[in-house]
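Novice: Fold the following for me, if possible:
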Amino acid sequence: MKVTLKDYKNDVKPDWCAGCGDFSVLAGINRAVVNLGIKPENVVISAGIGCSGKISGYTKAYGVQGLHGRSLPVAQGIKLANQDLTVFAMGGDGDGYAIGIGHAVHAMKRNVNMTYVVMDNQLYALTKGQMSPKSDEGLITTTTLEGVMEKPLSAMKIALSCEVTFLAQAFTGDMKEMMQIFEEAINHDGFSLVNVFSPCKTYNYKNTPAWYKENLTKLSDIEGYDNTNKLEAYRVLEEHNDLVTGVIYKNEKKPHYEDTLRNYKRDEPVAHQNLEFSEEMFNALCDEFR
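Specialist: Now for the predicted structure:
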């Protein structure tokens, strides 16, 4: 039976602010999985805290909303337990690049076969507009009344240094490109990081949709760009101050985590195993610790 967008629609109405870019991310993810013929019962979204963290409750797929910055450990565990699932971790730039950066670094290094989507509005929005690691220098926020004094974190360069195997950026104002990037990220056999520029209409007066349209460069417009060349990816990010959209880098050769784990069987993950624990087995285990 053909999968449709209606299959992913539930009765929960998003309470994001009018004009929030996260509406487009939700629509893009739903369209991507529908285009790929993936049923809702085979999709899991592990989300963090913040405006972006609510996304797991706005679509008819399995969802988990856990602790701030901890969506990745949950998502990796789900994927390792059941390889049949299409697994997403989702969060914001504060969730992902501040409290969650340690998990992001190691997830990229491991290369578990899943997709991480970061909705980047360059501040903390749900808690009333504080600066985040991605806030532009000089941006006035509720915690930087004289402007942010630091340069924003280059999460894309960090990802490249952590051996990420699929790295991309999208803009919520370009649904077609964003949806294509999501589809390619899902199909990638390994860990995919997609940073999405998702403007906050309530607190970020600078990085507006119009500002992004004026300042973003599509990688497809850069003649001869090779997204399998890591050094070229670094160069282009440096030249454009990270303000690019498209697939920045991909590596199809690095083995993913599932293939490096000893005694791990991809065709027989935990979800497919008989985990019944008899009293005899329990007693034997206890005896080992006496």
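Novice: surely C162 meets V105?
Specialist: Yes - contact status for C162 versus V105: in contact at 5.3 Å, counting by C-beta atoms under 8 Å. (C-beta placed from N, C-alpha, C; glycine too.)
Novice: What is the neighbour count of W211?
Specialist: Residues lying near W211 (other C-beta atoms under 10 Å) number 15.
Novice: mind listing what it touches?
Specialist: Contacts for W211 (C-beta atoms under 8 Å, 6 or more residues apart in numbering) come out as P199.
Novice: for the strand or helix carrying R235, the distance to its chain's centre please.
Specialist: In the assignment (DSSP states H and E), R235 maps to helix 230-239. Here the centre of helix 230-239 is set off from its chain's centre by 21 Å, with C-alpha atoms, centre = their mean, to the nearest Å.
Novice: buried set for it?
Specialist: By neighbour count on 16 or more other C-beta atoms under 10 Å, the buried set for helix 230-239 is K230, E232, A233, Y234, V236, L237.
Novice: Could you please name the strands the next helix-or-strand element following it pairs with and the direction of each pair?
Specialist: Helices and strands here follow DSSP H and E; after helix 230-239, the next one along the chain is strand 244-250. If you go by DSSP bridges, strand 244-250 pairs up with strand 166-171 (antiparallel), strand 217-218 (parallel).
Novice: Deepest-packed of the ones you listed, please.
Specialist: The highest mean neighbour count among the strands paired with strand 244-250, using mean count of other C-beta atoms under 10 Å, belongs to strand 166-171: a mean of 27.
Novice: Output that strand as CSV, nothing but the C-alphas.
Specialist: Coordinates of each C-alpha in strand 166-171 appear next as CSV, following Å, rounded to 0.1, in the frame of the first residue of the first chain:
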residue,chain,number,x,y,z
PHE,A,166,27.5,12.9,5.5
LEU,A,167,27.4,16.6,6.2
ALA,A,168,24.8,19.0,4.8
GLN,A,169,23.1,22.3,5.4
ALA,A,170,19.6,23.4,4.3
PHE,A,171,17.4,26.4,4.6
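Novice: What lies in contact with the next helix or strand after it?
Specialist: Per DSSP H and E, the first helix or strand lying C-terminal to strand 166-171 is helix 175-187. Helix 175-187 is contacted by residues 24-25, 27-29, 31-33, 35-36, 38, 86, 115, 117, 166, 168, 170-172, 192, 194, 196, 218, 245-247 when judged by C-beta under 8 Å, 6+ apart.
Novice: tell me what whichever helix or strand V194 is part of is packed against?
Specialist: According to DSSP H and E, V194 maps onto strand 192-197. Contacts defined by 3 or more C-beta pairs under 8 Å, 6 or more residues apart in numbering; DSSP states H and E place strand 192-197 against strand 115-120, helix 155-161, strand 166-171, helix 175-187.
Novice: ok, what's across the strand from the residue most central in space within the chain?
Specialist: The C-alpha lying nearest the average C-alpha coordinate of the chain belongs to V117 (C-alpha atoms, centre = their mean; 1.8 Å). Residues in a beta bridge with V117, per DSSP bridges, are M90, V194.
Novice: what about it, distance to V194?
Specialist: Applying C-beta to C-beta, to the nearest Å, the value for V117 to V194 is 5 Å.
Novice: Ok, P40 next?
Specialist: 20 Å.
Novice: Which one's more surrounded, these two?
Specialist: Comparing P40 with V194 by other C-beta under 10 Å, the one with more neighbours is V194, at 27 against 17.
Novice: So the more buried one is in contact with A170, correct?
Specialist: Yes - between V194 and A170 there is a contact under C-beta under 8 Å: 6.2 Å.
Novice: circling back to that earlier point, among the contacts of helix 175-187, which ones are buried?
Specialist: Buried members of those, scored by 16+ other C-beta under 10 Å, are 24-25, 27-29, 31-33, 38, 86, 115, 117, 166, 168, 170-172, 192, 194, 196, 245-247.
Novice: count of neighbours near T127?
Specialist: 14.
Novice: Tell me, how many residues neighbour the residue lying closest to G92 once chain neighbours are set aside?
Specialist: Spatially, and ignoring its direct neighbours in sequence, G92 is nearest to S52 (4.0 Å; C-beta to C-beta, 6 or more residues apart in numbering). Residues near S52, counting by other C-beta under 10 Å, number 32.
Novice: pLDDT at S52, what is it?
Specialist: According to the prediction, S52 has pLDDT 85.
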